[in-house]
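# Using only what follows, build the 3D model:
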Amino acid sequence: MVYRHLNEKDRFYIEQRLSEGDSLRSIARALGFSPSTISREIKRHTPIDFKGLYCHRLTSRCAQEKRANAKQGQAFRQISEEAKMLIHQRLSTHTSPDVISQELIREHDIQVSESTIYRYIYDDREQGGELYKNLPHSGKPYKKKVNRGDQIKIPNRVGIEHRPAIADEKTEFGHFEIDTVVGRDHQSYLLTLVDKANKMCCIRKMHNKQAKTVINTFMNVVGSTFFDFKTITSDNGTEFAGHEAISKITEADFYFARPYRSCDRGLNEHTNGLIRRFLPKGTDFNEISDKEIAKIEHTLNTRRRASLNYCSPNHVFLEYLMAA
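Here you go, the predicted model:
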């Protein structure tokens with residue numbers, strides 16, 4: 001392994017891969033560094049006040065600006081009231097400062113850098129505010145609990161190792177990850193799907209997670225969207241025992257992740273974590289209306305993503321449909 005220092009491009013890559021739920025080992029392998037190097041980098045640029053949010057730019061850009069102009073460090077104090085209102089509004093939907101900065105420029109012709117927004121959030125926290133709680137990755141990462149009762153052999157299971165390599169390239173639409181989110185006391189559930197390439201997600205309520213219910217709910221998704229399913233990947237939960245019926249509905253190949261390897265479905269795990277920002281653990285989904293679920297889905301699908309060149313999943317998908 002050739003020795004070299006991490007550069008800005010490497011750090012940006014780390015940030016994006018972490019936001020998609022990828023493991024440190026896979027990130028290290030892709031960049032040609034040891035996992036310990038990546039781990040140290042993340043710890044070095046993860047401010048305690050931001051509860052687990054890795055952002056190398058908060059450190060590197062602040063240092064650059066400080067060297068260029070000592071007064072620049074106070075830029076956040078000159079943010080206009082209009083900009084503050086827009087920042088608060090977008091943070092309420094858990095949009096990242098990076099994306100907010102781009103939106104202010106593109107949609108409102110207001111120039112506020114990402115690092116300035118982070119300083120504003122940091123200062124707000126110092127004053128007792130809670131804006132930092134709306135940062136997309138603050139708090140503990142979402143982890144799905146393993147139910148020992150789900151460890152039942154699924155008939156005709158095909159492992160992810162047989163899935164076409166193009167699914168991992170995230171360049172072709174139609175390769176989906178599917179999962180369930182558990183409500184209070186295991187009395188309500190959500191079925192979630194997300195396209196690995198364009199990040200479009202679907203959220204549907206379920207009263208139980210029996211295989212038949214999952215099949216019927218999936219049929220509802222197919223009937224109400226324009227998605228072209230090529231592959232579908234799930235965990236090994238028994239709710240997906242009807243995978244052959246799901247494949248028959250869309251003619252998509254169905255694959256199962258390796259046991260206890262959430263990184264095999266990193267984007268789905270990340271999406272479920274975003275949903276939990278709106279519907280925290282302990283929420284009874286039976287008490288949440290379909291309209292509210294649709295609103296959350298819309299919010300996630302219309303959020304700009306750095307990984308999509310600051311376009312939203314909805315925008316990218318609509319362009320694809322219009323070109324088809």
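# contacts, neighbours, all on C-alpha from now
OK.
# Do you have the helices of the stretch 101-250 of the chain handy? List them.
For the stretch 101-250 of the chain, helices defined by DSSP state H, counting those that start in this stretch occupy the ranges 114-126, 166-169, 211-223, 243-250.
# Reformat the ones you listed into JSON lines and put distance to residue 93, mean pLDDT and mean neighbour count next to each item.
Below are those laid out as JSON lines (distance: least, C-alpha to C-alpha, whole Å; pLDDT from 0 to 100; neighbours: other C-alpha atoms under 10 Å):
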{"stretch": "helix 114-126", "distance to residue 93": "15", "mean pLDDT": "85", "mean neighbour count": "19"}
{"stretch": "helix 166-169", "distance to residue 93": "28", "mean pLDDT": "93", "mean neighbour count": "14"}
{"stretch": "helix 211-223", "distance to residue 93": "24", "mean pLDDT": "95", "mean neighbour count": "17"}
{"stretch": "helix 243-250", "distance to residue 93": "32", "mean pLDDT": "95", "mean neighbour count": "17"}
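# out of those helices, nearest to residue 40?
Closest approach to residue 40 among the helices of the stretch 101-250 of the chain (C-alpha to C-alpha): helix 114-126, 21.6 Å.
# Roughly how far does residue 268 sit from residue 94?
Per C-alpha to C-alpha, to the nearest Å, residue 268 is found 17 Å from residue 94.
# higher neighbour count, those two?
The residue with more neighbours, out of residue 268 and residue 94, is residue 268; 28 against 23, by other C-alpha atoms under 10 Å.
# Quick check, that one in contact with residue 194.
Yes - Residue 268 is within contact range of residue 194, at 6.2 Å (criterion: C-alpha atoms under 8 Å).
# Touching both of the two, which residues are there?
Residues within reach of residue 268 and of residue 194 at once, by C-alpha atoms under 8 Å, 6 or more residues apart in numbering, are 177, 178.
# follow-up on the earlier one: format the helices of the stretch 101-250 of the chain as CSV; extra columns: distance to residue 204.
Below are these laid out as CSV (distance: least, C-alpha to C-alpha, whole Å):
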stretch, distance to residue 204
helix 114-126, 33
helix 166-169, 24
helix 211-223, 7
helix 243-250, 16
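# Nearest to residue 287 among those helices would be which one?
Closest to residue 287 of these is helix 211-223 (C-alpha to C-alpha; 18.2 Å).
# Out of the helices of the stretch 101-250 of the chain, flag the one nearest residue 294.
Nearest to residue 294 among the helices of the stretch 101-250 of the chain is helix 211-223 (12.1 Å), distances taken as C-alpha to C-alpha.
# Please name whichever of the helices of the stretch 101-250 of the chain is nearest to residue 18.
Closest to residue 18 of the helices of the stretch 101-250 of the chain is helix 166-169 (C-alpha to C-alpha; 15.4 Å).
# starting at the chain centroid, how far to the closest one?
Mean-position distance between helix 166-169 and its chain equals 17 Å (C-alpha atoms, centre = their mean, to the nearest Å).
# same check, this time on stretch 96-115
Centroid displacement of stretch 96-115 relative to its chain, using C-alpha atoms, centre = their mean, is 20 Å.
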